[in-house]
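Colleague: next come a sequence and a model predicted from it.
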Amino acid sequence: MPAGDLFTVTAVRGGTKPEAGESRSKQKEYQLVQVKNTWCRIECGQEMPTLWEEDQVIVSQAKIGEQVTESGVSWTVKAPIYFCYKVIETQHLLNPTNMTLLYGHVSDPQELDDYNKKTQKRFIVMDATVEQLYGSKVRKYFEAHDVVYKILTVETTEETKSMDLVLHILEEVHKFGLDRRTEPIIAIGGGVCLDSVGLAASLYRRRTPYIRVPTTLLSYVDASVGAKNGVNFCNCKNKLGTYTPPIATLLDRSFIQTIPRRHISNGLGEILKMALMKHKGLFELLEKNGKYLLDTKFQSRNGLACHGDAALTTTRLAIQTMLEELAPNLWEDDLDRLVDYGHVISPELEMKVLPSLMHGEAVNIDMAFMTYVSHEIGLITLEEKIRTVQCMRNLELPVWHRDCSFQLIKKALAERFKHSGGKLRLPLPTGLGIAEIFNDVREEIIKSAFASWQEELGEFST
Ligand SMILES: NC(=O)c1ccc[n+]([C@@H]2O[C@H](COP(=O)([O-])OP(=O)(O)OC[C@H]3O[C@@H](n4cnc5c(N)ncnc54)[C@H](O)[C@@H]3O)[C@@H](O)[C@H]2O)c1
């Protein structure tokens, strides 16, 4: 993996727990050292043999534990998995003078030299609408650099987000042929395209590098910056997937100018999530500039100093806050995640009413309801509740849905409890831009929050 600019994440999986009756066992831990292509183990704390030249020795971060008991030996492997990926803002990504699309993922100058010595090959998967809008520019880009390429155009909707789509991508990748180290698959599209290609890449030869180019606001600030990918399965949202980050995410806001206004609101839903959970300044930016951001589709406009560069600041803060929460918990080992706000009830709702709600819209309905839960518990004031709902409305996001019944909410919460280690783990705002995880929200609270939510924001509210 190349070294990245923005952050690297390491993690250790596995561990040992002494079994009952093993008090008389012998336990040792070994580090692993490579000398002349062979790995060998050295007990931790022991000196390296002096005949080994220091510069010929590679010491791994992996360790092997060995426990000898009367019944036999058990080994424990602790292997840190190191991931490094870049999230890069750029402009004019498809202009042939911009080398980011071709080499943005490469940091090491030596590696770049190696790349330049041979003809480049790229397999590109594009969302069908995006292909119509930007396909000719993508072709021109790769032709200008004499790249051998194939563009696979796919219909990516929530209904086609499935293993069938992943297998179709994989068949085409296989026919095309790729050097799995140096020829990353490139996904250009919204969250559905990026998630499906990410899963395909994580499966092809167990892990083939891939690059994400998000073209919707939601995928720009959310679906493209973390490690997760996935597809829907058995009518359940993102049930199949892996935690495999791309080698790079390339961010060019100009793609966003062609998405419909409703899709801007959809993306604003995920930005608002980060604002409500951890950044009051971001919330205030959205309160103040929401309409402007919708009208200008997140394109920077020179000469409108009164808004500063709201589009740039908003997207940067959304990504920065998201990365802060994701990077230390890339594999979601810790289930207490603030970024799950809006994602407790919304998966059930989104799948139930498919295709009538977009992802960010379903997330916002969930957040609107949880705002009422927070207020019912007394975590936020009435003024904070009103400001939150008003901000959602200004961003043209739905705050209520008739199919979000009390039964659906109860079912979604029960699912959450079951799949979260017997805890509710509800992220809830405790103010504007501040939040905590709660495990002890009682059913009466949910019931009375639901009643107020219906009354104030529901179909027959005034
Ligand atoms: N992996 C993650 O961490 C993560 C996070 C959030 C959301 N997601 C997933 O992302 C998906 C939602 O993503 P989305 O909102 O981008 O939806 P999407 O991918 O369905 O795209 C929405 C629509 O916009 C069109 N489109 C895309 N780019 C365009 C452009 N530049 N101009 C015009 N039209 C364009 C597409 O053709 C599509 O019809 C969901 O499936 C959700 O589960 C994943």
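Modeller: Arrived safely.
Colleague: and the gap between Tyr134 and the ligand?
Modeller: In this view, Tyr134 and the ligand are 7 Å apart by CB to the nearest ligand atom, to the nearest Å. Any C-beta I mention is one placed from the backbone N, CA and C, and that applies to glycine too.
Colleague: enumerate every residue touching that residue.
Modeller: For Tyr134, the contact set (CB atoms under 8 Å, 6 or more residues apart in numbering) comprises Leu94, Met126, Ile188, Thr215, Phe255.
Colleague: 10 Å instead, please
Modeller: Contact analysis of Tyr134 by CB atoms under 10 Å, 6 or more residues apart in numbering lists Leu93, Leu94, Met126, Asp127, Tyr141, Ile188, Gly189, Val213, Thr215, Ser254, Phe255, Thr258.
Colleague: tell me what the third one is bridged to.
Modeller: Per DSSP bridges, the residues bridged to Met126 are Thr153, Ile188.
Colleague: and the contacts of Tyr134 as TSV, adding distance to the ligand and pLDDT?
Modeller: Converted to TSV, the contacts of Tyr134 look like this (distance: CB to the nearest ligand atom, whole Å; pLDDT from 0 to 100):
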residue	distance to the ligand	pLDDT
Leu93	12	98
Leu94	12	98
Met126	10	98
Asp127	5	97
Tyr141	16	98
Ile188	9	98
Gly189	6	98
Val213	10	98
Thr215	4	98
Ser254	9	97
Phe255	4	98
Thr258	4	98
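Colleague: please pick the buried ones from these.
Modeller: The neighbour count (16 or more other CB atoms under 10 Å) marks Leu93, Leu94, Met126, Asp127, Tyr141, Ile188, Gly189, Val213, Thr215, Ser254, Phe255 as buried among the contacts of Tyr134.
Colleague: name the next helix or strand downstream of the lowest-mean-pLDDT helix or strand in the chain, please.
Modeller: Every helix and strand of the chain was ranked by mean pLDDT, DSSP states H and E. The lowest is strand 7-13, at a mean of 31. Counting by DSSP states H and E, the next helix or strand C-terminal to strand 7-13 is strand 26-35.
Colleague: in that following strand, which residues are buried?
Modeller: In strand 26-35, counting by 16+ other CB under 10 Å, buried: Glu29, Tyr30, Gln31, Leu32, Val33.
Colleague: for stretch 39-48, same thing?
Modeller: Within stretch 39-48, the residues that count as buried by 16+ other CB under 10 Å are Arg41.
Colleague: quick one: distance of the one helix or strand Thr388 maps to to the chain centre.
Modeller: Per DSSP H and E, Thr388 falls inside helix 382-394. Relative to its parent chain, helix 382-394 has a centroid offset of 27 Å by CA atoms, centre = their mean, to the nearest Å.
Colleague: show me what it is packed up against.
Modeller: helix 261-278, helix 280-296, helix 359-377, strand 426-431, helix 443-457 (3 or more CB pairs under 10 Å, 6 or more residues apart in numbering; DSSP states H and E).
Colleague: CSV please, covering the ones you listed and showing distance to the ligand.
Modeller: Putting the helices and strands packed on helix 382-394 into CSV (distance: least, CB to the nearest ligand atom, whole Å) gives the following:
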stretch, distance to the ligand
helix 261-278, 5
helix 280-296, 15
helix 359-377, 4
strand 426-431, 16
helix 443-457, 23
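Colleague: of all these, which one is nearest Lys411?
Modeller: Shortest distance between Lys411 and those, using CB to CB, is found for helix 443-457: 11.9 Å.
Colleague: which elements pack onto that closest one?
Modeller: Here helix 443-457 touches helix 359-377, helix 382-394, helix 406-419, going by 3+ CB pairs under 10 Å, 6+ apart.
Colleague: winner for burial among the ones you listed?
Modeller: Across the helices and strands packed on helix 443-457, averaging neighbours per residue (mean count of other CB atoms under 10 Å) puts helix 359-377 on top, at a mean of 25.
Colleague: could you check the angle that one makes with helix 443-457?
Modeller: Put simply, helix 359-377 runs at 120 degrees to helix 443-457, going by axes from the mean of the first three to the mean of the last three CA atoms, to 10 degrees.
Colleague: export helix 359-377 as PDB, just CAs?
Modeller: The C-alpha trace of helix 359-377 is given here as PDB (Å, rounded to 0.1, in the frame of the first residue of the first chain):
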ATOM      1  CA  HIS A 359     -31.300   7.400   1.400                       C
ATOM      2  CA  GLY A 360     -30.600  10.900   2.900                       C
ATOM      3  CA  GLU A 361     -34.300  11.600   3.100                       C
ATOM      4  CA  ALA A 362     -35.000   8.400   5.000                       C
ATOM      5  CA  VAL A 363     -32.000   9.300   7.300                       C
ATOM      6  CA  ASN A 364     -33.500  12.700   7.900                       C
ATOM      7  CA  ILE A 365     -37.000  11.300   8.900                       C
ATOM      8  CA  ASP A 366     -35.200   9.100  11.400                       C
ATOM      9  CA  MET A 367     -33.200  12.100  12.700                       C
ATOM     10  CA  ALA A 368     -36.400  14.200  13.000                       C
ATOM     11  CA  PHE A 369     -38.000  11.500  15.100                       C
ATOM     12  CA  MET A 370     -34.900  11.100  17.300                       C
ATOM     13  CA  THR A 371     -34.900  14.900  17.800                       C
ATOM     14  CA  TYR A 372     -38.300  14.400  19.500                       C
ATOM     15  CA  VAL A 373     -36.900  11.400  21.500                       C
ATOM     16  CA  SER A 374     -34.100  13.600  22.700                       C
ATOM     17  CA  HIS A 375     -36.500  16.400  23.600                       C
ATOM     18  CA  GLU A 376     -38.800  14.000  25.400                       C
ATOM     19  CA  ILE A 377     -35.900  12.800  27.600                       C
END
